[in-house]
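Asker: Okay, sequence plus prediction incoming.
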Amino acid sequence: MNSESNKPNKYMVLLIVSLGTVLSGYVSSSLDIALSNIMNTFGFTMDNVTWVLLAYMIPYGATLPIMGKLGDQFGRKKMYILGCSVFTVATMMVGMAWSSTTVVLFRIIQGIGAGMFFPNAMALVSDAFPPSERGQALGMWGAFAAAGGVLGPIIGGYIVEYVSWRMLFSSIVPVAAIGIFLAIFVLQESEINGSGEKIDYLGGLLLVTSLSSLIIALNQGAKEGWTSLYILGLFAVMILSMTTFIYVESHIEYPLINLELFRNPTFTVANLVGFLTFMTLNGGLFLIPFFLRNILGYTPIKAGLSLFPLVGSLILLAPLGGKLADKVNAKTPTIIGMLILSIAMYSFRTMTEHTSYSFIALRLILMGTGLALTMSPLSNAVMATLPKDKTGVGSGVYNLFKNVGGSVGIAMMGTMLDQRQLFHKQIISTHVNTSSETAQQMITQIQGMLVHNGIPAEQAYAVALSSLKGLVTKQAAIMAYSDVFQITAGLAALGVIMAMMLKDNKKVPEAAANCETVIKSC
């Protein structure tokens, strides 16, 4: 192990690992912009193009704790560099793919690479900074990770529209190569766990099976039907494999995830709040761009650029959240942040087709502020509770909770949006139909305008009737968005209640020591 004087500059460590996480978030989010182009290139249908997304989400989310564990045992620097290398090569190959099968295959490898470096990046930052500065550092790292996800549609939109969707993937290679080069020569290897622990392959298999079944069920449930045999079977597999996983982890000598970690209330609560935070964040990031595109008529590039206030406020204020966590405790900024996030999401409910961008920008700033005050204190709370040789697997668990929370948020909001739109459309249609006086007046008015412009009366009537149906559909959609924004606000409000159970940071070192004692006694 290197001496203290040979340690790399802590801010260089933060810069290097932030570069990797930014690229990961950027590639993942910008894929949404490129999906339609990929569909046209390889003949994907709406039914099977979801596998381009799932092929990344499943291996990434399910392997996070495994890769964190491997980083604890074999070195976080090694795992980070290997993960970045695998991710970069796989990303380049996605851009060079020659068939639908190869796109899915390279996306799977890409997800594995991201799963390798993400939890170890968080642990490397935690190792590089002293406890008094760790919250602020993790806040910056978390802000860059989130910013990468929001920058994807902004930069990716330009590349896809004006260059090529393939360039979207190959464009990251030079930047990623610089990051890997710096990581090799600047990062210091972590203290390797020399206890001779064996890898819990059975636990890993059960965890991957359980989470894969859950993510597939959540993403396919709306299409297949939540009560279909296929979806119910996936949920049954998820429950059975997770139950078996918990039993195995409770009895095996060297578990993949030591369940004793969850005896620490701060660790448990922080993971649950992280789950709710990313349900809200990903649900909101799913809803807002669709509203901008479908209701306000924004172009892909304009919709992407419109999210910039969220990115800016998140990056600028993330250090404040970490500093508050270092100086005061994790509980106070987390409660305030989740409360602001809840208010921001609730305020989106009043948007209509006439909403100005200044209204949206202000709410996005509020949203970014809430996230900035929440994410870094949560990361600090998680890492502070863990003994040093368990930070890799601990960060893997935390990122697992966040990833699954985000997947659940997207699946839930998408399903609810469809259901509420159908509900409101049926209600409106019973009051506004071709036989109602209001509808007849609108049709007559529109028909008269068209006839005045030289369109034959019969054709003008058909156009007026179609316009009326479009107005009904649009109004139903606006009302559905309002409902679902209120649901996301409720999730954030639930996070406020959960955050009240966080323990004071000043008690964390003692808790971590107790946790380490428990682990060693197992």
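Answerer: Right, received. Where do you want to start? Numbers count the residues shown, from 1 in each chain.
Asker: which residues in the stretch 1-150 of the chain form strands?
Answerer: Counting by DSSP state E, counting those that start in this stretch, one finds no strands in the stretch 1-150 of the chain.
Asker: quick one, helices of it?
Answerer: When secondary structure is read from DSSP state H, counting those that start in this stretch, the stretch 1-150 of the chain shows helices at 10-42, 50-74, 76-95, 100-128, 131-162.
Asker: Name the residues of the third one that are buried.
Answerer: Judged by neighbour count using 16 or more other Cβ atoms under 10 Å, the buried positions of helix 76-95 are 76-95. Bear in mind the C-beta positions are built from the backbone N, C-alpha and C, glycine included.
Asker: Columns distance to S376 and mean pLDDT on top of the helices of the stretch 1-150 of the chain, output as TSV?
Answerer: Listed next are the helices of the stretch 1-150 of the chain as TSV, based on distance: least, Cβ to Cβ, whole Å; pLDDT from 0 to 100:
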stretch	distance to S376	mean pLDDT
helix 10-42	12	78
helix 50-74	19	76
helix 76-95	20	89
helix 100-128	11	84
helix 131-162	3	73
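Asker: Which one of those helices lies nearest to M500?
Answerer: Of all these, it is helix 131-162 that lies closest to M500, at 18.8 Å by Cβ to Cβ.
Asker: Report the next helix or strand after the closest one in sequence order.
Answerer: Next helix or strand after helix 131-162 toward the C-terminus (DSSP states H and E): helix 165-170.
Asker: Please enumerate residues in contact with the helix or strand just after that following helix?
Answerer: If you walk from helix 165-170 toward the C-terminus, the next helix or strand you reach (DSSP H and E) is helix 173-186. Defining contact as Cβ atoms under 8 Å, 6 or more residues apart in numbering, one finds that helix 173-186 is touched by 8, 12-13, 16-17, 19-20, 23, 77, 80-81, 84-85, 87-88, 91-92.
Asker: buried ones in helix 173-186?
Answerer: Applying a neighbour-count criterion of 16+ other Cβ under 10 Å, the buried positions in helix 173-186 are A176, G179, I180, L182, A183.
Asker: likewise stretch 297-315?
Answerer: Counting neighbours by 16+ other Cβ under 10 Å, one finds that the buried residues in stretch 297-315 are 298, 300-301, 303-304, 306-307, 309-311, 313-315.
Asker: mind putting the residues you listed in TSV, distance to T355 included?
Answerer: As requested, these are exported to TSV (distance: Cβ to Cβ, whole Å):
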residue	distance to T355
Y298	11
P300	19
I301	19
A303	14
G304	18
S306	12
L307	15
P309	15
L310	16
V311	20
S313	19
L314	22
I315	25
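Asker: how about these in a markdown table, adding pLDDT and secondary structure?
Answerer: As requested, these are exported to a markdown table (pLDDT from 0 to 100; DSSP: H, G, I helix; E, B strand; the rest coil):
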| residue | pLDDT | secondary structure |
| --- | --- | --- |
| Y298 | 82 | coil |
| P300 | 68 | helix |
| I301 | 74 | helix |
| A303 | 77 | helix |
| G304 | 72 | helix |
| S306 | 83 | coil |
| L307 | 80 | coil |
| P309 | 87 | helix |
| L310 | 84 | helix |
| V311 | 78 | helix |
| S313 | 85 | helix |
| L314 | 80 | helix |
| I315 | 75 | helix |
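Asker: residue contacts, L341?
Answerer: T277, T280, L366, M367, G370, L371, T374, A492, G495.
Asker: list the contacts for the fifth one?
Answerer: Read it as G370. When contacts are counted by Cβ under 8 Å, 6+ apart, G370 is found next to G337, M338, L339, I340, L341, S342, I343, A344, A492.
Asker: quick one, what contacts the third one?
Answerer: Remark: with contacts taken as Cβ under 8 Å, 6+ apart, L339 is in contact with G370, A492, A493, V496.
Asker: angle of the host helix or strand of it against helix 131-162?
Answerer: Taking DSSP H and E as the definition, L339 sits inside helix 331-347. When axes from the mean of the first three to the mean of the last three Cα atoms, to 10 degrees is applied, the directions of helix 331-347 and helix 131-162 differ by 30 degrees.
Asker: Next, the buried residues of helix 331-347.
Answerer: Buried residues in helix 331-347, counted by 16+ other Cβ under 10 Å: 331-347.
Asker: Quick check: the gap between the most centrally placed residue in the chain and L31.
Answerer: Nearest to the geometric centre of the chain sits G406, at 4.5 Å (Cα atoms, centre = their mean). As judged by Cβ to Cβ, to the nearest Å, G406 and L31 stand 14 Å apart.
Asker: do V311 as well
Answerer: Distance, V311 to L31, using Cβ to Cβ: 18 Å.
Asker: same check, this time on V173
Answerer: From V173 over to L31 the distance is 16 Å, taken as Cβ to Cβ.
Asker: same question, L259
Answerer: Counting by Cβ to Cβ - L259 and L31 are separated by 35 Å.
Asker: re the thing from before, as TSV, the helices of the stretch 1-150 of the chain with distance to M413 would be great.
Answerer: Rendered in TSV, the data for the helices of the stretch 1-150 of the chain read as follows (distance: least, Cβ to Cβ, whole Å):
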stretch	distance to M413
helix 10-42	14
helix 50-74	15
helix 76-95	26
helix 100-128	22
helix 131-162	16
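Asker: For I215, which of those is the nearest?
Answerer: Relative to I215, the nearest member of the helices of the stretch 1-150 of the chain by Cβ to Cβ is helix 50-74, separated by 5.5 Å.
Asker: The closest one packs against which elements?
Answerer: With contacts defined as 3 or more Cβ pairs under 8 Å, 6 or more residues apart in numbering; DSSP states H and E, helix 50-74 has these neighbours: helix 10-42, helix 76-95, helix 100-128, helix 201-224, helix 391-431.
Asker: rewinding a little: out of the buried residues of helix 173-186, which comes closest to Q419?
Answerer: Looking at these and their distance to Q419, the nearest is A176, at 40.7 Å (Cβ to Cβ).
Asker: how close does the closest one sit to A145?
Answerer: 15 Å.
Asker: returning to what we had before: got TSV for the helices and strands packed on helix 50-74, with distance to N264 too?
Answerer: Below are those laid out as TSV (distance: least, Cβ to Cβ, whole Å):
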stretch	distance to N264
helix 10-42	25
helix 76-95	22
helix 100-128	16
helix 201-224	20
helix 391-431	10
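Asker: so which of the ones you listed comes closest to L378?
Answerer: For the helices and strands packed on helix 50-74, the distance to L378 is smallest for helix 391-431, at 7.9 Å, taking Cβ to Cβ.
Asker: Does anything pack onto that closest one? Which helices or strands?
Answerer: Packed against helix 391-431 by the contact rule (3+ Cβ pairs under 8 Å, 6+ apart) you find helix 50-74, helix 100-128, helix 201-224, helix 265-294, helix 357-384, helix 457-499.
Asker: just to revisit the earlier point, which of the contacts of L339 sits closest to K402?
Answerer: The nearest member of the contacts of L339 to K402, counting by Cβ to Cβ, is A492 at 14.5 Å.
Asker: That closest one: how many residues sit nearby?
Answerer: Neighbouring residues of A492 were enumerated by other Cβ atoms under 10 Å; the total is 28.
Asker: Next up, the contacts around it.
Answerer: The contact partners of A492, by Cβ under 8 Å, 6+ apart, come to L276, T277, T280, M338, L339, L341, S342, M345, G370.
Asker: how near is it to G409?
Answerer: As for A492, its distance to G409 is 11 Å (criterion: Cβ to Cβ).
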